[in-house]
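**Q** Got a sequence here, can you model it:
(chains A and B)
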There are 2 protein chains.
Amino acid sequence: MTRTVVESKTKTAVLGFDEPFCVIGERINPTGRKKLAAELEAGDFSTVEKDAIAQVAAGATVLDINAGVVYNSNPNPNETEPPLMTKIVELVQGLVDVPLCIDSSVPGALEAGLEAAEGRPLLNSVTGEEERLELVLPLVKKYNVPVVAISNDDTGISEDPDVRFAVAKTIVERAADYGIPAHDIVVDPLVMPIGAMATAGQQVFALVRRLREELGVNTTCGASNISFGLPNRHGINNAFLPMAMGAGMTSAIMNPVALPVGPKKLAEKKAEVEAKGIVLPADMDDETFCQLFGLGSTQPRAGKEMEAIRAANLLTNNDPHGGAWIKFNKSPEEAAAAGGAGGRRGGGRRRRA
Amino acid sequence: MTRTVVESKTKTAVLGFDEPFCVIGERINPTGRKKLAAELEAGDFSTVEKDAIAQVAAGATVLDINAGVVYNSNPNPNETEPPLMTKIVELVQGLVDVPLCIDSSVPGALEAGLEAAEGRPLLNSVTGEEERLELVLPLVKKYNVPVVAISNDDTGISEDPDVRFAVAKTIVERAADYGIPAHDIVVDPLVMPIGAMATAGQQVFALVRRLREELGVNTTCGASNISFGLPNRHGINNAFLPMAMGAGMTSAIMNPVALPVGPKKLAEKKAEVEAKGIVLPADMDDETFCQLFGLGSTQPRAGKEMEAIRAANLLTNNDPHGGAWIKFNKSPEEAAAAGGAGGRRGGGRRRRA
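**A** Residues are numbered from 1 along each chain as shown, chains lettered A, B, ... in the order given. Next up, the predicted model:
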């Protein structure tokens, strides 16, 4: 049985066909987050701290750490990224106890992360590109860690799933040459946007099944890619994740957190409410307002994708007797009455019959 | 390619591996609905009318008609059910144009429904029970209609999926003896509650795959059985349906409608709101209240399961270019601006980015 073991100093996350789905929180990543990038350059780690705590509270069992910021003051990431990686890894493992995923395209940052991480982190990532294979596989061997293998190579990303399967197979074989076992390779078969490629879903489901049956490897993906460019992305993601799990996908790199309601949305809703002639008490706090008006919460909480994943865990027999499902669906009040042992975090959602 | 064709006088619904999922609306059924049963005995068809219209508006492409009420005035359904079936079939096909599914355990009611239905209805159902096979298959042949085949037999419902597969195979073979082709058999592999049987999901997914690959038949199920007895049933159903579709399920007998917000829930919410010091205008109508406070709607509308199914249609490449998905996610205002051509019915839900 294929088991990929990822560890922090005190906690273990196992990827496997008979394990609950492994949610790898993707938020600690400045790529495409200009505000976070500027904060990091200024030495402000408050967003990283918040993201670490919120993602674990929402149900992430591994946190991805990417320090890929290009400083205005120094455009050479080979110089700036390794020390930033060290700093963030140390910070995050001081705050939360889940295992980490060290994510970089910069070799020095990968090694810095591996040095700083306690336990057995997941390395993200190797590809089928020759240079990358020769660079990353020795690190995987040296540190005895599992690695994400992305199925593109020197020819790029193929739209042909058979080619992507062949690339994954090559990586597994090359790893074996280094003495790295298949159960330490977590293949990302690459999820294309369904809006651009109508067969993108079918490709992933078929690839995951083959990777599991023929190579015996665990799999992961950047789940939200599937819905890129389409309306109601959550609606698509919420169906994609259970379908991928049904095909045998064992983890995803994703955002487990529903974004909190921000000041702009709050102001819009208050204006809408007042335009209808409703009079609010002067001292009503924003959180009470959000909950009463069905807006969500001013605090981060588990996103709908986490509900879909927990339901799919139940349906793949990775939540026997439904214990995790029942706990997840307790209201905060019920959870508190049961000793604060569970419940959806930070929300006022009611259990439905 | 397996295509099961169901027709009304003017519309065709096709079950097939390369077709959007076929949603068979289950609401017109007095079983377990005491109020509806009493109405039917009293000759009141208003609920039937509302259920027919709401289910089609929510996206059902076939409507199940079950007239299985036991009258207080006459406890013999062999006498009362056939004329009631005729009446409901005639009523419903005067109101909506989708094909029907004639659903009864009473032989006379099946034949009455087949006589009354225009086009090519689906018959619900035959089982592997000897008496039922001999009764129903001649009707299927005589009226040249497709039939739902439930995989239990004279020994009952087996918990062993191999036995249920064997029962389905027997029904397909017995049908062939009558000259009924496999593409006119829609197998229900029987969905057990996941709360009672931890392998219930895996069983269905594996069975659907085998039924498709080995017998080449379409499949259906009573989808909500899966979540029986557990909290947040919709959360489970919303994951189950895409997973079943990923495995090859081509239809379900289900409720496509989200129940409207009733007077009790409205009163509770108003009391909660007023207890927080909010002053509502005296002339605020209930629908505006529901929408502002995120309660849903006083009108029936498409349930969350329909969103899950439409997303899964996209992900199985049965909504190429996402046309149906984009239309489904237009707000009512956008849909109206585009000529009233689509949009979620009866709701004020916003498209999310």
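
**Q** Check which residues of the one helix or strand A:Ile24 maps to are buried.
**A** Taking DSSP states H and E as the definition, A:Ile24 sits inside strand A:22-25. By 16 or more other CB atoms under 10 Å in any protein chain shown, the buried positions in strand A:22-25 come out as A:Cys22, A:Val23, A:Ile24, A:Gly25. (Glycine included, C-beta is placed from N, CA and C.)

**Q** give the contact list for A:Thr12.
**A** Residues counted as contacts of A:Thr12 (CB atoms under 8 Å, 6 or more residues apart in numbering or on different chains) are A:Val5, A:Val6, A:Pro99.

**Q** let's see 10 Å
**A** A:Val5, A:Val6, A:Thr61, A:Val98, A:Pro99, A:Gly119, A:Arg120 (CB atoms under 10 Å, 6 or more residues apart in numbering or on different chains).

**Q** For it, give its distance to B:Asp319.
**A** Plainly put, A:Thr12 is 41 Å away from B:Asp319 if you go by CB to CB, to the nearest Å.

**Q** so which of the buried residues of strand A:22-25 comes closest to chain B?
**A** A:Val23 (14.7 Å; CB to the nearest CB).

**Q** Correct me if wrong: that closest one contacts A:Cys101.
**A** No. In this structure, A:Val23 is not within contact of A:Cys101 by CB atoms under 10 Å, at 11.2 Å.

**Q** who touches both of the two?
**A** A:Ala13, A:Val62, A:Leu63, A:Ser251, A:Ile253.

**Q** which of those residues has the most neighbours?
**A** A:Ser251 (29 neighbours; other CB atoms under 10 Å in any protein chain shown).

**Q** my guess is A:Val70 meets A:Asn78, correct?
**A** No. Contact status for A:Val70 versus A:Asn78: not in contact, 11.1 Å apart, counting by CB under 10 Å.

**Q** quick one: which of those two has more around it?
**A** A count of neighbours by other CB under 10 Å puts A:Val70 above the other of A:Val70 and A:Asn78, at 14 against 10.

**Q** For stretch A:287-299, buried residues please.
**A** Buried-residue list, stretch A:287-299, by 16+ other CB under 10 Å: A:Glu287, A:Thr288, A:Phe289, A:Cys290, A:Gln291, A:Leu292, A:Phe293, A:Gly294, A:Leu295, A:Gly296, A:Ser297, A:Thr298.

**Q** One more: stretch A:230-238?
**A** Buried, per 16+ other CB under 10 Å, within stretch A:230-238: A:Leu230, A:Pro231, A:Asn232, A:Arg233, A:His234, A:Gly235, A:Ile236, A:Asn237, A:Asn238.

**Q** mean confidence for it?
**A** Averaged over stretch A:230-238, pLDDT sits at 97.

**Q** Convert it to PDB, retaining C-alpha atoms only.
**A** In PDB, the C-alpha atoms belonging to stretch A:230-238 read as follows (Å, rounded to 0.1, in the frame of the first residue of the first chain):
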ATOM      1  CA  LEU A 230     -15.300  30.600 -15.400                       C
ATOM      2  CA  PRO A 231     -18.100  32.000 -13.300                       C
ATOM      3  CA  ASN A 232     -18.800  30.500  -9.800                       C
ATOM      4  CA  ARG A 233     -15.400  28.900  -9.500                       C
ATOM      5  CA  HIS A 234     -16.200  27.500  -6.100                       C
ATOM      6  CA  GLY A 235     -19.200  25.600  -7.600                       C
ATOM      7  CA  ILE A 236     -16.800  23.900 -10.100                       C
ATOM      8  CA  ASN A 237     -14.100  23.200  -7.500                       C
ATOM      9  CA  ASN A 238     -16.600  21.700  -5.100                       C
END
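
**Q** which residues of chain A fall in helices?
**A** Assigned by DSSP state H, chain A shows helices spanning A:34-41, A:46-58, A:77-95, A:107-116, A:130-143, A:161-177, A:200-210, A:233-247, A:263-275, A:286-292, A:304-315, A:323-328, A:332-337.

**Q** Can I get those helices in TSV including distance to chain B?
**A** Output for the helices of chain A, formatted as TSV (distance: least, CB to the nearest CB, whole Å):
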stretch	distance to chain B
helix A:34-41	18
helix A:46-58	16
helix A:77-95	28
helix A:107-116	31
helix A:130-143	30
helix A:161-177	13
helix A:200-210	3
helix A:233-247	4
helix A:263-275	6
helix A:286-292	6
helix A:304-315	3
helix A:323-328	6
helix A:332-337	10
